[in-house]
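S.K.: need a structure here:
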Amino acid sequence: MAGLPCNDRALLAQGSSGSSVVINLEDVVSLWLNELEDEGSDPKAPRTTAQDNSGPIRPSASGTNVKLEPSPASIPPSASSSSIHLPVGGLRTLHPPVPYEAFLPPPSDGPSALPQVTAALVSHLPAEPERLRFLKAFRETMLLHPCFNVPNFEQRIAAIFIWAEGGSVPLPTGPPMSKLELARDIFFSNPKANGKKDQGRGSGPPPGAGGPSAKAPKPTLSFFAAACAAFALGALVARDEDLERASPASSGVPTPPAPPASPADTMGTAATLFALSEQTLQLFEKTAAYDLDSVMSMILQVLFMLHEGQMSVAQSVFPLVGKMVNVARMMGLAIDPDEFPGTYSLFEAEARRRLWWDVVYYDLFVADCMGHPPLIADNTHTTRLPNDVDEDKFSPSSTSLPEPESPDSDASSAYFGLKCR
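M.R.: Predicted coordinates:
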């Protein structure tokens, strides 16, 4: 700008080659006015340039291209768009969260009661027979991802519905179990307190249904989030199986397009259940410390997004895996449980090993898909590989590792060990 007349009434215009010129703001305004006048006139009429004999000739807008502000344009509807119905419960749609009141206990618990699992919240889970169908699809999917004991997981889900109905959880057949063992067997959420047995009941009714004892174990928000993610994964797999069976290629008969679903039909769909899992886990993170169920919830959420059927990894998978790695490290899952004698039971120790190695697996897999190095190095953890056990016989009350009858059976977890290697 040195040597050039420049003031607040001038504008510096710079080209792509680096050359610049000072333009008077009055000339810029004249260009805009001339262009706006031309927009309102007949485009076939010849353009005229207004000139003032008393002053310098202003540049003509006829030979100058001035970029105007974008004007709204109406796009005609496509003829084929009327026959395409996007489901309201699809994976790419936004689902409103469950009302916060569904997480609140009855007023008798006081105004400072934290969010928790309630009977109203359990009502958002699928009802029978869809519940059994989703669990069956989930069980078949987890044969290739046995990152936790699925039979025990399903028992805990069944205990949630019994608890929500105000009933009691039946005792399993076999040797008698103490109340602490029953609570740990079902909910697996209350850790040992100085090695003493808890005198609470094995189960209790939901909040507001008879006033349960304060010591009655309740489903935690972290496990409820894992249950929602499991139902979402099962609903996703079951939906894909239904679409495959109903496809024209399998039946030979073309099927008409499905009508658009109403918002009421989205209850229990894969997307709504996944959104409920995310909402519940967020509330748990703000009100409690991380536990094994929270890591399990993140793993199931990652598994759901990887089963979404897209050609590329969803953008939310990569940051969720990084969060999962840091949470697992913070919980000490990178250190083998045998280095803390007497701290963990046999079932808890195996559960920690499985969760850690599944975190390692997804860290390697997702990082490789995204073209980045993994977060976990080989020399930064001491957790050994989990043992191959019979899933149907292994429970929180086990005192020894039940070996599978055949490595090829569905009850064997040998594939998980091979995958981690």
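S.K.: which residues of the protein fall in helices?
M.R.: Counting by DSSP state H, the chain has helices at residues 25-40, 119-122, 130-141, 150-164, 179-186, 221-245, 248-251, 270-287, 292-306, 317-330, 346-370, 414-420.
S.K.: among those, which is the most enclosed?
M.R.: Ranked by mean neighbour count under mean count of other CB atoms under 10 Å, the helices of the chain are led by helix 292-306, which reaches a mean of 24. Just so you know, the C-beta spots here come from the backbone N, C-alpha and C atoms, and that holds for glycine as well.
S.K.: which secondary structure elements does that one contact?
M.R.: Packed against helix 292-306 by the contact rule (3 or more CB pairs under 8 Å, 6 or more residues apart in numbering; DSSP states H and E) you find helix 221-245, helix 270-287, helix 317-330, helix 346-370.
S.K.: Quick check: which of those helices is nearest to residue 164?
M.R.: Using CB to CB as the measure, helix 221-245 is the one of the helices and strands packed on helix 292-306 that comes nearest residue 164, at 10.6 Å.
S.K.: For that closest one, what does the pLDDT average out to?
M.R.: For helix 221-245, the mean pLDDT works out to 87.
S.K.: go on, stretch 114-124?
M.R.: Averaging pLDDT residue by residue across stretch 114-124 gives 92.
S.K.: Over to stretch 26-36?
M.R.: Stretch 26-36 comes out with an average pLDDT of 77.
S.K.: again, but for stretch 380-391
M.R.: Across stretch 380-391, the average pLDDT comes to 89.
S.K.: And that stretch, end to end?
M.R.: Between the opening and closing residues of stretch 380-391 there is a gap of 29 Å (CA to CA, to the nearest Å).
S.K.: Of all the residues in it, which ones are buried?
M.R.: Buried positions in stretch 380-391, judged by neighbour count with 16 or more other CB atoms under 10 Å: 381, 383, 386-391.
S.K.: Reformat the residues you listed as TSV; add distance to residue 327.
M.R.: Formatted as TSV, the buried residues of stretch 380-391 follow (distance: CB to CB, whole Å):
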residue	distance to residue 327
381	14
383	15
386	19
387	24
388	27
389	25
390	30
391	25
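S.K.: quick one: residue 403 and residue 393 touch, right?
M.R.: No - in this structure, residue 403 is not within contact of residue 393 by CB atoms under 8 Å, at 9.1 Å.
S.K.: In contact with residue 373: list those residues for me.
M.R.: residue 367 (CB atoms under 8 Å, 6 or more residues apart in numbering).
S.K.: just the one 10 residues further on next, same as before
M.R.: For residue 383, the contacting residues are 333-337, 352-353, 356-357, taking CB under 8 Å, 6+ apart as the criterion.
S.K.: 6 Å instead, please
M.R.: Residues counted as contacts of residue 383 (CB atoms under 6 Å, 6 or more residues apart in numbering) are 334, 336, 353, 356.
S.K.: quick one: the first one and residue 382 touch, right?
M.R.: No - here residue 334 does not reach residue 382: they are 7.1 Å apart, not a contact under CB atoms under 6 Å.
S.K.: Share the number of residues neighbouring the nearest residue to residue 349 once chain neighbours are set aside, please.
M.R.: Distances taken as CB to CB, 6 or more residues apart in numbering place residue 337 nearest to residue 349, at 3.8 Å, with adjacent residues excluded. Around residue 337 there are 21 other residues, counting by other CB atoms under 10 Å.
S.K.: what's the spacing between residue 380 and residue 374?
M.R.: For residue 380, the distance to residue 374 equals 11 Å [CB to CB, to the nearest Å].
S.K.: any common contacting residues for the two?
M.R.: Both residue 380 and residue 374 lack any common contact, where contact means CB under 6 Å, 6+ apart.
S.K.: what about the stretch 201-350 of the chain, any weak spots by pLDDT?
M.R.: For the stretch 201-350 of the chain, applying pLDDT under 70 flags the ranges 201-217, 243-268, 309-312.
S.K.: 80 - rerun?
M.R.: The model of the stretch 201-350 of the chain has pLDDT under 80 over residues 201-217, 240-268, 308-314.
S.K.: The stretch 51-200 of the chain too?
M.R.: Regions of the stretch 51-200 of the chain meeting the criterion pLDDT under 80 cover residues 51-96, 109-111, 166-200.
S.K.: and with 50 instead?
M.R.: In the predicted model of the stretch 51-200 of the chain, residues 51-64, 66-67, 70, 73, 75-91, 168-174, 176, 189-200 satisfy pLDDT under 50.
S.K.: Buried residues of stretch 112-126, list them for me.
M.R.: Neighbour-count burial for stretch 112-126 [16+ other CB under 10 Å]: 115-122, 124-126.
S.K.: Stretch 390-406 too?
M.R.: Going through stretch 390-406 with 16+ other CB under 10 Å, the ones that come out buried are 390-391, 394-397, 404.
S.K.: Closest one of the residues you listed to residue 33?
M.R.: Distance to residue 33, by CB to CB, is smallest for residue 391 among the buried residues of stretch 390-406, at 79.4 Å.
S.K.: Wait, residue 333 touches residue 351, no?
M.R.: No - contact status for residue 333 versus residue 351: not in contact, 9.8 Å apart, counting by CB under 6 Å.
S.K.: What residues does the residue nearest to residue 349 make contact with?
M.R.: 344, 349, 352.
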